[in-house]
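Student: I would like the atomic coordinates for the input below:
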Amino acid sequence: MRCRVIGGRTARIRELKPHIAVFWTSGAQQAQLMMDGEVELSTGWNGRFDAAIAAGSPIADSYNQGLLDVDCFGIPKGAPNKDSAMELLAELSRPDYQANLPQYITYGPTNRTAYDLGIIDADLAERLPSFPANAAMQVPLDPE
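Tutor: The predicted model follows:
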């Protein structure tokens, strides 16, 4: 499907909007709409859907053609504590720390070597968005 951009919005979204029940506006709402049966299809953050599934909701998710998005840290140019900030980023990026993240929420590690440590249960690893097979199915977002 091709979309034509008009004034920063797509003509296709304008055309479809009357046929869409709701556009979610918060992280909790996306999974709740699915759990309530108010919508049959939604985009959303996998951690929210995984929590709903773990709570017994009869929903399923897929990474096929999903949007792969990441956040990042930045250090402002001229920051007075740049060296300390760089040390913090190096520490946060350690694979052993990142391998523990999925125990708390199912957002996958960004340091892919975390998968090689054997800390992440194999079944859990296969459900994470950054697991290589899942990441390969997704479309990386390009902010430009």
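Student: Counting neighbours, what do you get for residue 51?
Tutor: 15 (other Cβ atoms under 10 Å). For glycine as for every other residue, the C-beta is placed from the backbone atoms N, C-alpha and C.
Student: and it, how far is that from residue 27?
Tutor: For residue 51, the distance to residue 27 under the criterion Cβ to Cβ, to the nearest Å works out to 10 Å.
Student: check contacts around the nearest residue to residue 45 once chain neighbours are set aside.
Tutor: Sequence neighbours aside, residue 27 is the residue nearest to residue 45 in space, at 6.0 Å (criterion: Cβ to Cβ, 6 or more residues apart in numbering). Contact criterion Cβ atoms under 8 Å, 6 or more residues apart in numbering gives 44-45, 48 as the residues in contact with residue 27.
Student: Give me the secondary structure label for residue 16.
Tutor: When states are read from DSSP: H, G, I helix; E, B strand; the rest coil, the local structure at residue 16 comes out as helix.
Student: That one: neighbour count?
Tutor: Using other Cβ under 10 Å, residue 16 has 10 neighbouring residues.
Student: And the helices in the protein?
Tutor: With DSSP state H as the criterion, the chain has helices at 11-16, 27-35, 46-54, 82-92, 95-98, 122-125, 132-137.
Student: Out of the ones you listed, flag the one nearest residue 107.
Tutor: Closest approach to residue 107 among these (Cβ to Cβ): helix 46-54, 5.3 Å.
Student: That closest one packs against which elements?
Tutor: Packed against helix 46-54 by the contact rule (3 or more Cβ pairs under 8 Å, 6 or more residues apart in numbering; DSSP states H and E) you find helix 27-35.
Student: Thanks a lot, see you next time.
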